[in-house]
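1. No letters, just coordinates:
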């Protein structure tokens, strides 16, 4: 196996208060990020919201981009995961150290060479600190002195190159690293969320002022009542502008587009100028952009899987007695979604 096929999951973190004090969503998301096959030796992997939404789904409900980004912000503040929007990557800070790479000389050499060509300035600060917590391995010369000396020299050169590059890359970068995704939270960055999967009784006491409440699970039953709601359809951060009774309407799909108007004017035939509605329109525009990009990403992932498959050609076709047909091992309805 290689480090791209498995990752260590240390038991020690489950008795660490800083780890345990995280929202459950964040802990689960970290496990998903750490267990992704594309994470390289130094803990860097491409950002992929399309896969993350599926990985973090709650039953039939996919996670939203805002939920995922809020979790990444919180994990960045705790120094677990960093995100670089410029390079399109994320970093699991402690990956090298937790994998004991400095006890695996050949793998450590590869990791040092990756560090020496790192592109992300945001990652340079935490990775330089992590490298300082590792030690250069001493290679035994008992079996093959010449080979051991060559490896030792290569490690020393790679170490020096990595340190020099990271120091130069990190120069001028603030520590702690600034939060990513600031444009997605015009009303403030969420903090201290309970987050994740909640029992029905817990959803009433979750902190709502943070901007991202936990999704309220569907509840079946019957009854009657009246009143007003401070949330519309369970959308992230969609607090009502006023606590007056909202006309009843069928709840929207939680994975569908958010409303373009505030609760006060959601059914108004000719709404007046409203600052709250303007905020809802901006959220809808962001959702439309993210949804379009998600569809593109999904299509790109599909064709990448097709081209990587050994059971069909690059167009997903296989030869049968009746001629060319689509390979049944691929989810073809995706291309028409």
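-> Everything's here; your move. Keep in mind the model is a prediction, meaning the values are calculated, not measured.
2. what sits against residue 158?
-> 109, 112, 113, 116 (CB atoms under 8 Å, 6 or more residues apart in numbering). Using the backbone N, CA and C atoms, a C-beta is placed for each residue, glycine as well.
3. Turn the residues you listed into JSON lines, including neighbour count, pLDDT and secondary structure.
-> Output for those, formatted as JSON lines (neighbours: other CB atoms under 10 Å; pLDDT from 0 to 100; DSSP: H, G, I helix; E, B strand; the rest coil):
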{"residue": "109", "neighbour count": "19", "pLDDT": "93", "secondary structure": "helix"}
{"residue": "112", "neighbour count": "27", "pLDDT": "95", "secondary structure": "helix"}
{"residue": "113", "neighbour count": "16", "pLDDT": "94", "secondary structure": "helix"}
{"residue": "116", "neighbour count": "17", "pLDDT": "94", "secondary structure": "coil"}
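4. where does the stretch 1-150 of the chain have low pLDDT?
-> For the stretch 1-150 of the chain, the stretches flagged by pLDDT under 70 are 1-7.
5. hmm, 50 instead?
-> Scanning the stretch 1-150 of the chain for pLDDT under 50 picks out the ranges 1-3.
6. where exactly do the helices run in it?
-> 17-20, 24-34, 49-55, 65-77, 95-98, 105-115, 121-132, 145-170 (DSSP state H, counting those that start in this stretch).
7. Comparing those helices, which comes out most buried?
-> helix 65-77 (a mean of 23; mean count of other CB atoms under 10 Å).
8. Could you list every helix and strand in contact with that helix?
-> helix 24-34, helix 49-55, strand 81-84 (3 or more CB pairs under 8 Å, 6 or more residues apart in numbering; DSSP states H and E).
9. mean confidence for the longest helix seen in the chain?
-> When the chain is parsed with DSSP state H, its longest helix is helix 275-308. Averaging pLDDT along helix 275-308 gives 79.
10. ok, now stretch 160-170?
-> The average pLDDT for stretch 160-170 rounds to 95.
11. Contacts for that stretch, please.
-> 112-113, 115-118, 120-121, 124-125, 127-128, 131.
12. so which two of these are the farthest from each other?
-> By the measure CB to CB, 113 and 125 form the most distant pair in these, at 19.8 Å.
13. can you tell me which of the helices of the stretch 1-150 of the chain comes nearest to residue 305?
-> With CB to CB, the closest approach to residue 305 among these belongs to helix 49-55: 11.6 Å.
14. Pull the residues that contact the closest one.
-> Contact partners of helix 49-55, identified using CB under 8 Å, 6+ apart, comprise 29, 32-33, 36, 62-65, 68, 290, 294, 297-298, 301.
15. before we move on, the earlier item: could you single out the nearest of the contacts of residue 158 to residue 180?
-> Nearest to residue 180 among the contacts of residue 158, counting by CB to CB, is residue 116 at 24.7 Å.
16. do you know how far that closest one is from residue 313?
-> To residue 313, residue 116 is 39 Å away according to CB to CB, to the nearest Å.
17. ok, so of the contacts of helix 49-55, who is nearest residue 19?
-> Using CB to CB, the contacts of helix 49-55 come closest to residue 19 at residue 29, 12.9 Å.
18. quick one: contacts for the closest one?
-> 52, 56, 68, 71, 72, 75.
19. and what of residue 307?
-> Contact analysis of residue 307 by CB under 8 Å, 6+ apart lists residue 314.
20. what separates it from residue 69, distance-wise?
-> Per CB to CB, residue 307 is found 30 Å from residue 69.
21. before we move on, what about residue 12?
-> Distance from residue 12 to residue 69, by CB to CB: 28 Å.
22. do the same with residue 146
-> According to CB to CB, residue 146 stands 52 Å off from residue 69.
23. cool, residue 41 as well?
-> 26 Å.
24. what's the angle from the longest helix of the chain to helix 65-77?
-> Counting by axes from the mean of the first three to the mean of the last three CA atoms, to 10 degrees, helix 275-308 lies at 90 degrees to helix 65-77.
25. what's the spacing between the next helix or strand after helix 275-308 and its chain's center?
-> Proceeding N to C from helix 275-308, the next assigned helix or strand is strand 317-320, under DSSP states H and E. Distance of strand 317-320 from the chain centroid (CA atoms, centre = their mean, to the nearest Å) equals 37 Å.
26. Can you tell me the strand partners of strand 317-320 and which way each runs?
-> Strand pairing for strand 317-320, using DSSP bridges, gives strand 323-326 (antiparallel).
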